[in-house]
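Undergrad: Here you go, sequence then predicted model.
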Amino acid sequence: MGQEIILFKKANQLETIKIKALQESLASYEQAHEFQKLLIVANKLLIKDPNNAEYVLYKLKALDGLGQVTKNIQLLQHYVNIRSTDVTGFVLLYKAYMEVNNVAEALVALVFALSIDENDQECQKLLLNLLVGVDTKYKTVKINIMTTNRVGHLACEIEPLLRLNQNGEEDCLYIFISDALPVANTYLYDLLKSYSNIIESPFWFRLYGTRPMLLDDYFYAEFPYDLNHTLRGKNPLEINAQGTKNLIEIYQSTTEVVKVPEEDVAFGWSLLAKLGISKQDKIICLHLRDSNYLSNKFPQRDFSYHDYRDTHIDSYRLAIEYLIEEGYKVIRIGANSNQSIALGSANYFDFCHERDVEYGDFLEIFLLSICDFFIATTSGPLSVAAIFETPTIIVNSVPFLPGFGQNSRFIPKRLLQHGLEVSMLDVCAGKTLSASDSKPLIFTFDSKGLSENGYEYMDNSEDDIYDAVKEFSLQIKNRKLNNDLTELQKQYVKLLPENYIFKSSQSVVSHSFLKKYPEIFK
């Protein structure tokens, strides 16, 4: 045993001497400009310690001396990952991207370099020259990462910012970074690409996600509804409250920006024609939320805390049958549902269960852009409908939130606590979860917290939905809502607390619901 220990010590000493000798040779090879030898030594050391920033830097110096430093983008990215506050890495990345004519990522590299040292005159000059080359109107650039795996977030990040900046910062170039993973709706993603500057880069996406404060506020493009702002220390409740308020204000005061191209419109109608649906038909889109979509799409995550937002298709029967009798064709959209309804009508289409394998994503967006109106729940497609200013009646709305757009009405789920009706006006005024929990009910998104405090949301009944849909259908003409309020609705708006953050006179509760449940609006 003793002899083995001695042998190990000798071997270890030899290895130590070898590493030390290699380390000492780095500086001498660099000083002598023997870059090929420097590269060999740096590579040997990196085999032993792959994430050693000093060794990577020596390798970069060797490659620079050999005129090859900008040929290895992956190595430069690796260096930036392990030494993120060194301007050198970002400048070299800029040069590497420019060599392959990747202007967008070259701009991002310079933005991070200037976030580290705002006074770096070389980077300032490079950035301004590059922006002028893109368009002489640009004076600066702002970036943000995208949330692409949920259709609602995909719809309500970039597009509201486009609306907001129609007459805004014309001298600012916005760049949005995607992680290039499969997205919730590929057609919507591609449509947004045609209106904005989206780059697919897992590297930049992860770099920002792992060290968000490395990016200076000056270069951060905040979305009106910005979940990514949690990475910069903003409270999720504040993001939700201000973000939803922003969306309501934007959609009720701006005009449509993103449109489905004419050639795609023609293609959409040709697909529908094969199913017996024509331009002359009156079309209603229907979407309801259930737990099956998220559990199938994200099996590794537990979304059961959202289950209070789910609803049941059987309660839509009367409304669907009414619309069909009125000459409408009702098309259910969505994916991976565990619910269906048998109606025995050729004018009811379930694209959720019979989703087109190749064009399902496209048809969903196309239908939401052309339908007469949309029957929605508080889920992703609601944000898509807002993009196209599609008239929308939201049923089973929960928590108590109006729709974003001008052409909307809603009916909320009723809320009970220990079997007693809770006033929605109290909820709007900021009623909290409990005496010991100051979280407002309107921003309580966890079913466990609700049930622990005796709260239970009641789904809209079949009659509730029928009445609201019938009322809404009679107010729609040429995809526009007659926004004249009834006396009951005017009174409701008047009673809404002044501190209700989502107070709106353009998206209000349906008259039929106010009339049926007056006690919850007192």
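TA: Yes, it's here.
Undergrad: what ranges do the strands span in the stretch 151-300 of the chain?
TA: Here the stretch 151-300 of the chain has its strands, by DSSP state E, counting those that start in this stretch, at 172-178, 198-200, 282-286.
Undergrad: Could you point out which residue ranges in the stretch 301-450 of the chain have low pLDDT?
TA: Scanning the stretch 301-450 of the chain with the threshold set as pLDDT under 70 gives 301-308.
Undergrad: Helices along that one, start to end?
TA: Secondary structure of the stretch 301-450 of the chain (DSSP state H, counting those that start in this stretch): helices at 317-325, 360-370, 381-387, 424-428, 447-452.
Undergrad: Give me the below-cutoff pLDDT ranges for this protein.
TA: Using pLDDT under 70, the chain drops low at 1-17, 167-169, 291-308.
Undergrad: And the spatially most central residue of it, how close does it get to D314?
TA: Among the residues of the chain, H153 comes closest to the average C-alpha position under CA atoms, centre = their mean, at 2.8 Å. Per CB to CB, to the nearest Å, H153 is found 29 Å from D314. In this view, the C-beta of every residue, glycine as well, is placed from N, C-alpha and C.
Undergrad: For C428, list the residues it contacts.
TA: 400, 442, 496-497, 500, 502-503 (CB atoms under 8 Å, 6 or more residues apart in numbering).
Undergrad: roughly how far apart are it and D190?
TA: For C428 relative to D190 (CB to CB), the value is 39 Å.
Undergrad: ok, now S253?
TA: 28 Å.
Undergrad: what's the answer for N235, then?
TA: Taken as CB to CB, the span from N235 to D190 is 34 Å.
Undergrad: neighbour count winner among the two?
TA: A direct count of neighbours by other CB atoms under 10 Å for N235 and D190 places D190 higher, at 15 against 11.
Undergrad: Could you tell me the phi and psi values at the residue nearest to L110 when sequence neighbours are not counted?
TA: In this structure, L110 finds its nearest non-sequential neighbour in L127, 4.5 Å apart by CB to CB, 6 or more residues apart in numbering. Dihedral pair for L127: phi -60, psi -50, per degrees, to the nearest 10.
Undergrad: change the start of the numbering to 535 and stick with it
TA: New numbering, starting at 535: the last item is L661.
Undergrad: residue contacts, L661?
TA: Taking CB under 8 Å, 6+ apart as the test, what L661 contacts is 641, 644-645, 648, 675.
Undergrad: what would those residues look like in JSON lines with distance to F883 and secondary structure?
TA: Below are these laid out as JSON lines (distance: CB to CB, whole Å; DSSP: H, G, I helix; E, B strand; the rest coil):
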{"residue": "L641", "distance to F883": "45", "secondary structure": "helix"}
{"residue": "L644", "distance to F883": "51", "secondary structure": "helix"}
{"residue": "V645", "distance to F883": "47", "secondary structure": "helix"}
{"residue": "L648", "distance to F883": "53", "secondary structure": "helix"}
{"residue": "V675", "distance to F883": "45", "secondary structure": "strand"}
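Undergrad: tally of neighbours for K676?
TA: Using other CB under 10 Å, K676 has 19 other residues around it.
Undergrad: Count the residues that sit near the nearest residue to G810 once chain neighbours are set aside.
TA: Nearest residue to G810, sequence neighbours excluded (CB to CB, 6+ apart): A880, at 7.2 Å. The tally of other residues near A880 (other CB under 10 Å) stands at 9.
Undergrad: measure A880 to D848 for me?
TA: Look at A880 and D848: by CB to CB, they are 21 Å apart.
Undergrad: try T604
TA: 63 Å.
Undergrad: which one of the two has more residues nearby?
TA: T604 (19 against 10).
Undergrad: Report the contact partners of the more buried one.
TA: 610, 626, 629-630, 633.
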